[in-house]
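> Below is the structure, and that's it, no one-letter string:
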C-alpha cells in the first residue's frame, strides 16, 4: 500500500467526525517545524531565507507537543529546517506516537539518520519522508552538497533493512527532465521505498531565482510522465491531483488542511506564504479568510499547485464522486 491502512482509516474517521459536527475548516496535517536551522543550504529552500534572522530559534519540547494537541490533526509532519538537528527529536517523536497516537512523518535530508534510529524504534505510526530532488548530478547541485545523493541511497537501504517505513519527497524544478523523473522513480522503486511524492517547484513569496522554478505551462508535460508511472510504481500523489497537474481538471485549494507551527508561532495563511504568525491556532483560524485563499484570489496563489493545499481538497471531497473515489481506492490499495 502507498499509505498505511491504519493512517487512512484514522484520517477517514477524523474527517467524518468533523463533518458530522458541522465543521468546515479543520486541519488534516500539522507541519511542525521545531527549528529552521539546517545542515544543507538547498537552492530552492525558502525557510533559510524567510527565517534568517531567527534561524537559531528552537521550540521547547512541551510547546511542540502542545501544538499537536491544540490543532488536533491526526498526521504530524515534523520538518524544518532539518528536524533531526532538533535536540528533542527523539522524545518528540516518541511522545507524539505513544501518548497522542499521531501518525508521524519525519521530513529529513537523511544525513543524521544513523543517530536517530538508535533512539527511536520502528512503529506503524512512524514514517520517514526523505528529500531527494533528482538523480545524482541534479540532486547534489540543488542541495549544494556533493555526495548527498549517495547518502540518501545508503540511508534508504539502512531504514528498509531495519523495518522502517520510507517515503521520498522530490521537488520538480525546471531543469529536471521528464526522462530523469522516470529514471528516479524506477531507481527508488528498485530500492523498495514505500511511497514517492513528487511536487512542482513553485516560485513563492520569499524566493528570488525565477529560472529555477517551473512555470505553470511547463508542468503538464513533466507530470504526464509521472502520472504514466503511477500505475506501476508507488507514487503517492493522488490520481485526482495528478489530473490537476497535467491540466485536465481544476481544483480549489484548501489551505486550512495543512497548517504550520514554527518557533515564531502559527504561520498563516498557508505553508508557503506568510501574512503573519499567531500565538494560538484559534487566532490563526479567526484571522484568516479561508475562502479568499481557497478560490486563489491572492496573486501569490496564482501559479501555485503545491500538494499541501490541493491534496487536502481531494481528501475532503472523497465520496462526492463514485468514479473518483474508486480511482483513489484502487490507487492506494495497489
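In hand now; what should we look at? Nothing here was measured: the structure is a model prediction, and the numbers come from that model.

> Report the secondary structure element holding the nearest residue to residue 4 once chain neighbours are set aside.
Distances taken as CB to CB, 6 or more residues apart in numbering place residue 124 nearest to residue 4, at 6.4 Å, with adjacent residues excluded. Just so you know, the C-beta spots here come from the backbone N, C-alpha and C atoms, and that holds for glycine as well. Secondary structure from DSSP states H and E places residue 124 outside every helix and strand.

> how many neighbours does residue 124 have?
Other residues lying near residue 124 total 12 when counted by other CB atoms under 10 Å.

> Likewise for residue 269?
Per other CB under 10 Å, the neighbour tally for residue 269 reads 24.

> next one: residue 187
Counted with other CB under 10 Å, residues neighbouring residue 187 total 14.

> same question, residue 60
Using other CB under 10 Å: residue 60 sits among 11 other residues.

> Tell me how far it lies from residue 35.
Distance check for residue 60 against residue 35: by CB to CB, to the nearest Å, it reads 11 Å.

> what residues are up against residue 187?
residue 135 (CB atoms under 8 Å, 6 or more residues apart in numbering).

> Check the offset of the helix or strand that contains residue 14 from the chain's centre.
Assigning secondary structure by DSSP H and E places residue 14 in helix 5-20. From the chain centre to the centre of helix 5-20 is a distance of 19 Å (CA atoms, centre = their mean, to the nearest Å).

> Use 407 as the first number for this chain going forward.
Okay, using 407 as the starting number, the last item reads as helix 411-426.

> Point out where this protein drops to low pLDDT.
Residue ranges of the chain with pLDDT under 70: 452, 454, 608-617.

> Can you give me the distance of residue 673 to residue 481?
Residue 673 is 17 Å from residue 481, by CB to CB.

> Touching, the residue nearest to residue 410 and residue 407? I think so.
No: counting by CB atoms under 8 Å, residue 530 stays clear of residue 407, with 11.9 Å between them.

> if you go through the stretch 557-706 of the chain in chain order, where are the strands?
571-578, 601-606, 664-668, 671-675, 680-684 (DSSP state E, counting those that start in this stretch).

> Give me the sheet partners of the first one and which way each runs.
Strand 571-578 has the following sheet partners, assigned by DSSP bridges: strand 532-537 (parallel), strand 601-606 (parallel).

> Helices along the stretch 607-740 of the chain, start to end?
625-635, 645-651, 687-693, 696-700, 713-722, 728-739 (DSSP state H, counting those that start in this stretch).

> Ramachandran coordinates for residue 435?
Torsion angles at residue 435 (phi, psi; degrees, to the nearest 10) stand at phi -130, psi 130.

> actually residue 543, not the one I typed
Here is the backbone geometry of residue 543 (degrees, to the nearest 10): phi -60, psi -50.

> Distance check, it against residue 577.
Taken as CB to CB, the span from residue 543 to residue 577 is 16 Å.

> where's the residue nearest to residue 637 when sequence neighbours are not counted relative to residue 506, distance?
Excluding its sequence neighbours, the residue lying closest to residue 637 (CB to CB, 6+ apart) is residue 740, at 7.6 Å. As judged by CB to CB, residue 740 and residue 506 stand 30 Å apart.

> May I have the phi/psi pair for residue 583?
phi -80, psi 160.

> My error: substitute residue 639 in the last question.
Taking degrees, to the nearest 10, you get phi -130, psi 160 for the backbone angles of residue 639.

> Which residue, other than its chain neighbours, is closest to it?
residue 595 is the one closest to residue 639 (CB to CB, 6+ apart), at 4.6 Å.

> Give me the more crowded residue out of residue 740 and residue 506.
A direct count of neighbours by other CB under 10 Å for residue 740 and residue 506 places residue 506 higher, at 15 against 11.
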